[in-house]
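Quick one, structure for this:
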Amino acid sequence: MSHELRQEEDLQITERLQTAPSSAYILSAGFGTRMDPLTNGQFPKGLVEIEQGKVLLEFVFGIAVESGVGKIVTCVSHQSEKIIEFCDRKSLGADISFSIESTPQGVIKTFETGLNNFPPTDDFLLLHGDEIIANFSLPEMFKFHMSHKNLATGLLSSNPQAKRTVIMKLEADGKVSDSQRDNDSNSDYIASLGLFIFRPEIANEIGRFKTWEEMVKTFAKEGKLYGFKSDAYFFNINGPKDIADFLNYKRNIKT
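Predicted structure coming up:
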């Protein structure tokens, strides 16, 4: 067997055995001004305590780590030293690196900087550092992503609880054909939860875009985006009410 064929066979075996992305990027670089009543400017949004002894970023890390992700690149800026210090003294169950911006430049630029600082070598998970997502299977989503071999897979939810900030039209084959801002009257569209799995080639594409929304709409038009449908719950943590909603959800699933 030739060296090239053996490499291809080894890759196929690895893909069959792998049940989750091996790495994740978490975007946690913003100023978090909407959380000022809780942070009082003293610490970044990701370190807001959600329940006693557990802060927001720990819940976000948990989405990845509990499914088997072993490496996490945390993209930070505002008060980054406090996030780095927190991660250094906590046992979070993953090898954590930091992509640091001198000042927050927006979601898409933070993502691009992370990819430049830590170029991906295989398919990876993308999470936003202020979003807690529950009631979905990352291994099942990863399996679906690997089956279509396209650039990106987004997590979608038909759960009425999921906030519909961005919605997507999902075709029968799982491909996303359109993306738009919230339109509750459009029942053909499903809520996007901001969690994605990307192929490493995204690093060559990201420079085309100025906003996250532009990237998603373009990939949908170009046929590069698939959607994984679920009944996931979504909590965008921007204040005390969002924290209360999440804790109420946790209480309900235990009863």
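
Grab the most central residue of the chain for me.
Closest to where the C-alpha atoms of the chain average out (Cα atoms, centre = their mean) is residue 127, at 1.9 Å.

which SS state does that residue fall under?
strand (DSSP: H, G, I helix; E, B strand; the rest coil).

List the beta-bridge partners for it.
Beta-bridge partners recorded for residue 127 (DSSP bridges): residue 26.

List the contacts of residue 238.
34, 35, 130 (Cβ atoms under 8 Å, 6 or more residues apart in numbering). Yep, even glycine has a C-beta here, placed from its N, CA and C like the rest.

any idea of the pLDDT on residue 5?
Looking at residue 5, its pLDDT reads 54.

Also residue 126?
pLDDT, the model's per-residue confidence, is 98 for residue 126.

same check, this time on the one 10 residues further on
According to the model's per-residue confidence, residue 136 sits at a pLDDT of 96.

Same check on the one 3 residues further on?
pLDDT, the model's per-residue confidence, is 95 for residue 139.

how close does the nearest residue to residue 34 once chain neighbours are set aside sit to residue 62?
Spatial nearest neighbour of residue 34, excluding adjacent residues (Cβ to Cβ, 6 or more residues apart in numbering): residue 238 at 4.5 Å. To residue 62, residue 238 is 20 Å away according to Cβ to Cβ, to the nearest Å.

Now do the strands in the protein.
Ranges of strands in the chain, per DSSP state E, are 23-28, 49-51, 54-55, 71-76, 95-100, 124-128, 131-134, 152-157, 166-170, 176-181, 189-198, 225-230, 233-236.

Thank you, goodbye.
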